[in-house]
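Student: next come a sequence and a model predicted from it.
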Number of protein chains: 2
Amino acid sequence: MKSGSLHERIRQDIETRIMSGIWEAGHRIPPEHELMAHYACSRMTVSKAISALADRGLIDRRKRAGSFVAAPTVHRATLNIPDTAAEIEGQGRFHTVEILNRTEREAEAADLDLLAMAEGGPVLSLTCIHRADGKAFALEERLINVVIVPAAREVDFARESPGRWLLGHVPWTDAKHRITAIAAMAEQAEWLDLPEGAPCLSVERWTWRTEGRITYVRQIYPGDYALTARFVA
Amino acid sequence: MKSGSLHERIRQDIETRIMSGIWEAGHRIPPEHELMAHYACSRMTVSKAISALADRGLIDRRKRAGSFVAAPTVHRATLNIPDTAAEIEGQGRFHTVEILNRTEREAEAADLDLLAMAEGGPVLSLTCIHRADGKAFALEERLINVVIVPAAREVDFARESPGRWLLGHVPWTDAKHRITAIAAMAEQAEWLDLPEGAPCLSVERWTWRTEGRITYVRQIYPGDYALTARFVA
DNA sequence: TGTCTAATAATGTATAGACATAATATCGGA
DNA sequence: TCCGATATTATGTCTATACATTATTAGACA
């Protein structure tokens, strides 16, 4: 239980009190000088423990007033969205990608929107299917902004999947995800080996850095695929 | 840009270098004493900045060896799953809940599993529909472990929705989420005002605290409902 | 009684130094 | 050349102290 350092133990201690409901929302936690006395340590150590809790949103700190247990209003969970190749290999299965379509073209109206391109320019459009031990796992539709990532032109994405290549070679500053349920359209259903209209999970991601959008990707998984997320950090 | 405190600025500074790709994965960031000199500050301040980055998983720190930019293998995003009532009201719409079914019974085999109950005991089963401005928004199927939360027996959940009541009255220590796509079954489709078989987003959540599982809930949204998540903390 | 002002209590930030810990580098000897 | 003891370096934790910031409380004054 007592994991190493003092500030860590203090944090754990307070966190347990909050989580177990001994200190409920709105309860004022003892001021730092009291905790100093209680744990017989310096203020910095106590402060470090409390700051960690504040960072995680478990408590609110107000000057002069004190620190209070925060009222939970949302479930906040961390979602790990691994690059598909890593995910499949992580399950001990054999991953392959097949490129179904690769086109380099001038950005069309729809592309301009997805990649937030003001002026237009060349884009690389990819459609590929990921397989785990030969079985369809996910369908990937991707647009890459070639203006920002010119190197993508030269890559053989059948050898290294687009997601993995981008992750390793192109840094991003921000990403937005959108998760919806869709009905598989005829062509999609065929590739995923599902009946037409079968429910599928669609995960879209827009990735950008300061200069602009890097890539847009939509991944379509059969409905029984589950994204899992956990509370706590 | 420069927001307030020095350690915050240093963190921002380093983060920008990492995110922009100036320092790529595996790059060693300057040791603390160099950063001290560069920012003309004490070691504690530098350390605080770097520790924050380490907490977020952006860098790895190794004694004697130094601190290195971590290799990104996954997109990590924070998913906010608000209690449905709060979500609807947050959109400025009018929220109502209708309880379609409320049963208190001895736990059945399926319940024991979902609530991880070893011995059995009473459970409260609820089915309700959330509406936004009168329009179907989400269908909620919930099990509450009455052994742990006896107070739930007395609550009128038509006045305060189950999610909100639990959030406000019952502290949890951990939660697990599972997101899948499903086809609406006849009864579900009817309540959600969708054709049978329409793709729907299913969000399941298991919530527990030290003594055991508190509640299991499955929320079913029409397919066009989107969960969104952002990178960064 | 009401209002403005000053004291006070709490957190927030930062310093400078000490010792602990872990991994690497170095050097002497077999 | 290899091995092992020792030195070195970078991070990890902690102390004691100082001053800044902010909201509340108490007191002075009209």
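Tutor: Right, received. Where do you want to start?

Student: C-alpha only now, for contacts and for neighbours.
Tutor: OK.

Student: okay, residue A:28: pLDDT?
Tutor: On pLDDT, residue A:28 comes in at 95.

Student: what pairs with it across the strands?
Tutor: Taking DSSP bridges as the rule, residue A:28 bridges to residue A:68.

Student: can you pull the phi/psi pair for the residue of chain A most remote from its centre?
Tutor: The outermost residue of chain A relative to its centre, with distances by CA atoms, centre = their mean, is residue A:37 at 41.1 Å. Backbone torsions of residue A:37, given as degrees, to the nearest 10, read phi -60, psi -40.

Student: what's the angle between the lowest-mean-pLDDT helix or strand in chain A and strand B:74-82?
Tutor: Lowest on mean pLDDT, DSSP states H and E among the helices and strands of chain A sits strand A:74-82, with a mean of 79. Interaxial angle, strand A:74-82 versus strand B:74-82 (axes from the mean of the first three to the mean of the last three CA atoms, to 10 degrees): 160 degrees.

Student: need the contact partners of strand A:74-82.
Tutor: When contacts are defined by CA atoms under 8 Å, 6 or more residues apart in numbering or on different chains, strand A:74-82 is touched by residues A:227-233, B:73-83.

Student: how near is residue A:23 to DNA strand D?
Tutor: Distance, residue A:23 to DNA strand D, by CA to the nearest atom of the strand, to the nearest Å: 21 Å.

Student: which residues does that residue contact?
Tutor: By CA under 8 Å, 6+ apart, the contact set of residue A:23 is A:17, A:29, A:69.

Student: neighbours around the residue nearest to residue A:118 when sequence neighbours are not counted, how many?
Tutor: In space, residue A:118 comes closest to residue A:112 once its chain neighbours are excluded; the distance is 6.8 Å by CA to CA, 6 or more residues apart in numbering or on different chains. Residues within reach of residue A:112, counting by other CA atoms under 10 Å in any protein chain shown, total 17.

Student: for chain A, which segments are assigned as helices?
Tutor: With DSSP state H as the criterion, chain A has helices at A:6-19, A:32-39, A:43-55, A:84-90, A:109-114, A:162-169, A:186-192.

Student: what angle do the longest one and helix A:32-39 make?
Tutor: For the pair helix A:6-19 and helix A:32-39, the angle between their directions (the same axes, to 10 degrees) equals 110 degrees.

Student: who in chain A is up against DNA strand C?
Tutor: Residues of chain A lying close to DNA strand C (CA under 7 Å from any atom of the strand) are A:30-33, A:44, A:47, A:51, A:61-67.

Student: dump the residues you listed to TSV, plus neighbour count and distance to residue A:155.
Tutor: Converted to TSV, the residues of chain A next to DNA strand C look like this (neighbours: other CA atoms under 10 Å in any protein chain shown; distance: CA to CA, whole Å):
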residue	neighbour count	distance to residue A:155
A:30	13	58
A:31	15	58
A:32	18	56
A:33	15	60
A:44	12	51
A:47	19	50
A:51	17	45
A:61	17	50
A:62	9	53
A:63	6	55
A:64	7	58
A:65	9	58
A:66	13	56
A:67	20	53
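
Student: out of these, who's near DNA strand D?
Tutor: Answer for the residues of chain A next to DNA strand C near DNA strand D (CA under 7 Å from any atom of the strand): A:44, A:62, A:63, A:64, A:65.

Student: quick check, residue A:174 in contact with residue A:209.
Tutor: Yes: look at residue A:174 against residue A:209 with CA atoms under 8 Å: they come within range, at 6.2 Å.

Student: mind giving me the domain split of chain A?
Tutor: As assigned by automatic domain parsing, chain A contains the domains A:6-69, A:78-230.

Student: how long is stretch A:147-155 end to end?
Tutor: End-to-end distance for stretch A:147-155: 15 Å, by CA to CA, to the nearest Å.

Student: oops, could you answer that again for stretch A:66-76 instead?
Tutor: By CA to CA, the extent of stretch A:66-76 from end to end equals 24 Å.

Student: which of the ones next to DNA strand D among the residues of chain A next to DNA strand C fall in strands?
Tutor: Under the assignment DSSP state E, those contribute residue A:62 to strands.

Student: want to throw the ones next to DNA strand D among the residues of chain A next to DNA strand C into CSV with distance to residue A:25 and pLDDT?
Tutor: Shown next, in CSV, are these (distance: CA to CA, whole Å; pLDDT from 0 to 100):
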residue, distance to residue A:25, pLDDT
A:44, 25, 96
A:62, 15, 95
A:63, 18, 95
A:64, 19, 93
A:65, 16, 94
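
Student: find me the pLDDT at residue A:1, would you?
Tutor: The pLDDT attached to residue A:1 in the predicted structure is 45.

Student: any idea how far residue A:102 is from residue A:135?
Tutor: Residue A:135 is 22 Å from residue A:102, where distance means CA to CA.

Student: residue A:88 too?
Tutor: Residue A:88 is 23 Å from residue A:102, by CA to CA.

Student: the two - which one has more neighbours?
Tutor: Neighbours per residue, other CA under 10 Å: of residue A:88 and residue A:102, the larger number sits with residue A:88, 19 against 13.

Student: contacts only, for the more buried one.
Tutor: The contact partners of residue A:88, taken as CA under 8 Å, 6+ apart, are A:94, A:95, A:132.

Student: and stretch A:7-19, which residues are buried?
Tutor: Within stretch A:7-19, the residues scored as buried using 16 or more other CA atoms under 10 Å in any protein chain shown are A:7, A:8, A:9, A:10, A:11, A:12, A:14, A:15, A:18, A:19.

Student: er, stretch A:109-124 actually
Tutor: A:111, A:112, A:115, A:116, A:117, A:120, A:122, A:123, A:124.

Student: got the CA coordinates for that stretch in CSV?
Tutor: Only the C-alpha atoms of stretch A:109-124 are listed here, as CSV (Å, rounded to 0.1, in the frame of the first residue of the first chain):
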residue,chain,number,x,y,z
ALA,A,109,-14.3,20.7,-51.6
ALA,A,110,-14.9,17.9,-49.0
ASP,A,111,-11.2,17.5,-48.5
LEU,A,112,-10.7,21.2,-47.8
ASP,A,113,-13.2,21.0,-45.1
LEU,A,114,-11.8,17.9,-43.4
LEU,A,115,-8.3,19.1,-43.5
ALA,A,116,-9.2,22.7,-42.8
MET,A,117,-7.2,23.8,-45.9
ALA,A,118,-7.8,27.3,-46.9
GLU,A,119,-6.1,27.3,-50.3
GLY,A,120,-6.3,23.8,-51.6
GLY,A,121,-3.3,21.8,-52.7
PRO,A,122,-2.4,18.2,-53.1
VAL,A,123,-3.8,15.6,-50.8
LEU,A,124,-3.1,11.9,-50.5
